[in-house]
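# Sequence and predicted structure are below.
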Amino acid sequence: MNKSPQRQQGTYDLSSFQNQSDELVRLKRQASLLPQLELDSLKKHGLKPHMKVLDAACGPGLTASIIHDYLTTGHVTGVDLDASLLIEARRMAKQSRKAIRFRQADVYEEAGVEVNSRYMTCSQIIVDDTSS
């Protein structure tokens, strides 16, 4: 397995924003712009209604929510390093009564990621590898 890029606290930290609620609104707006297009792309790349899906770097859980609505017998797990984003993801899932599991983990560390998923997605992750 390739060595993880060196970084301080991950590649995204919601707490670094002065106005976190504005940043959450921006993230939700960004993810909601093209949800059907994203789902169509995921299906084109092999997503099936029965799969176990891992949404790596899930942020506030918007892609996980889109996938959840498509799944029939499968399930989706969202993983993110940022605890603040996971609080929002869990809140939204509970509010909409969606059975989505969210875990705090580093997607660069194999031990922190659910590896028995049949399908993995990671949308809009940005890595700043300044070690090179």
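Yep, it's here. Numbering: from 1, shown residues only.

# count of residues packed around the closest residue in space to residue 118 that isn't next to it in sequence?
Sequence neighbours aside, residue 51 is the residue nearest to residue 118 in space, at 4.5 Å (criterion: CB to CB, 6 or more residues apart in numbering). Where C-beta positions appear, they are placed from N, C-alpha and C, glycine not excepted. Applying other CB atoms under 10 Å, we find 20 residues neighbouring residue 51.

# For residue 75, give me phi and psi.
phi -150, psi 160 (degrees, to the nearest 10).

# What is the burial count for it?
15.

# wait, it sits on residue 93?
No - Residue 75 lies out of contact with residue 93 (CB atoms under 8 Å); the separation is 12.0 Å.

# can you list residues touching both of these two?
Common contact partners of residue 75 and residue 93 (CB atoms under 8 Å, 6 or more residues apart in numbering): 68, 99-100.

# would you turn the residues you listed into CSV with secondary structure and neighbour count?
Rendered in CSV, the data for the shared contacts of residue 75 and residue 93 read as follows (DSSP: H, G, I helix; E, B strand; the rest coil; neighbours: other CB atoms under 10 Å):
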residue, secondary structure, neighbour count
68, helix, 20
99, coil, 10
100, coil, 23
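
# Identify the residue spatially nearest to residue 31, adjacent ones excluded.
Spatial nearest neighbour of residue 31, excluding adjacent residues (CB to CB, 6+ apart): residue 62 at 3.5 Å.

# now the strands for this protein?
52-56, 75-80, 101-104, 119-121 (DSSP state E).

# mean pLDDT lowest for which of those?
Lowest mean pLDDT within the strands of the chain: strand 119-121, a mean of 77.

# Pull the residues that contact that one.
Outside strand 119-121, the residues within contact range by CB under 8 Å, 6+ apart are 42, 46-48, 51-56, 63, 67.

# is it true that the residue nearest to residue 31 touches residue 29?
No - counting by CB under 8 Å, residue 29 is not a contact partner of residue 62; they are 9.9 Å apart.

# And the two? Which one has more around it.
residue 62 (24 against 10).

# In contact with that one, which residues?
So residue 62 contacts 27-28, 31-32, 35, 92 (CB under 8 Å, 6+ apart).

# Sweet, I'm off.
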